[in-house]
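>>> need the 3D shape of this:
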Amino acid sequence: HLGAGNTASVQFALERLGADVRVTSDATQIAEAERLILPGVGAAGYAMARMAELGLTDIIKDFSRPLLGLCLGQQLLFAESEENGGATLLGFIPGRVTRMPVRDDLPVPHMGWSQLNTLSDDPILEGVHDGDYAYFVHSFVCPDTPATIACADYGASVPAMVRSGNRWGCQFHPERSAAAGARILKNFLELPA
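Sure, this is the predicted structure:
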């Protein structure tokens, strides 16, 4: 728990699916968890500093069971961010998170419902279809890399989900994304730990 504002809604969504959820910043509990969710709201640099302050950076980097980063949590999976002058992130996926380009017809932050598309064949996307909607709130965007497993359109293709080994990310908020979001969380809970 890094002081993320969406923690309670993520916890509630997971409990509705039958999960035993612990919200914690305790290093031992995190290291021993069956699976780990990094929720996130706020700035990348702050989240990384908070992780370091709590002694969690190496524990999260060494976590070998399923890990899911939500919103900012997806961005933290990458190598670096240009937010607030630059921040070194967890480094699971190469690339730099950048500010979304500002356009007159598309305000930043990207806030609202967008359709998922270009879905890869991945167990976390089982039962999720091209055209399903997800709820986004973000001003920074991850690079499109081979780790991208789903996209959304916001004037350009936005990497909506990523995967690197046992680590997945959702740029959107699955806990606020109706049936598609609930299915993604259910699939995550069913991944072999």
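
>>> need the nearest residue in space to the most centrally placed residue in the chain, chain neighbours excluded.
The centre of the chain sits closest to L70, judged by Cα atoms, centre = their mean, with a distance of 2.5 Å. Nearest residue to L70 in three dimensions, chain neighbours excluded: P39, at 4.9 Å (Cβ to Cβ, 6 or more residues apart in numbering). From N, CA and C alone the C-beta is placed, and that goes for glycine too.

>>> which residues touch the longest helix seen in the chain?
Criterion DSSP state H: the longest helix present in the chain is helix 178-190. Residues outside helix 178-190 that contact it (Cβ atoms under 8 Å, 6 or more residues apart in numbering) are 13-14, 16-19, 35, 37, 66, 68, 116, 123-129, 132-135, 161, 168, 170, 172-175, 177.

>>> didn't S114 look like it was pressed against Y133?
Yes - if you go by Cβ atoms under 8 Å, S114 and Y133 touch, sitting 6.9 Å apart.

>>> any shared contact partners between the two?
By Cβ under 8 Å, 6+ apart, no residue touches both S114 and Y133.

>>> can you check what angle separates the lowest-mean-pLDDT helix or strand in the chain from helix 178-190?
For the chain, counting by mean pLDDT, DSSP states H and E, helix 7-16 ranks last in confidence among helices and strands (a mean of 86). For helix 7-16 against helix 178-190, the angle by axes from the mean of the first three to the mean of the last three Cα atoms, to 10 degrees is 70 degrees.

>>> packing partners of helix 7-16?
helix 178-190 (3 or more Cβ pairs under 8 Å, 6 or more residues apart in numbering; DSSP states H and E).
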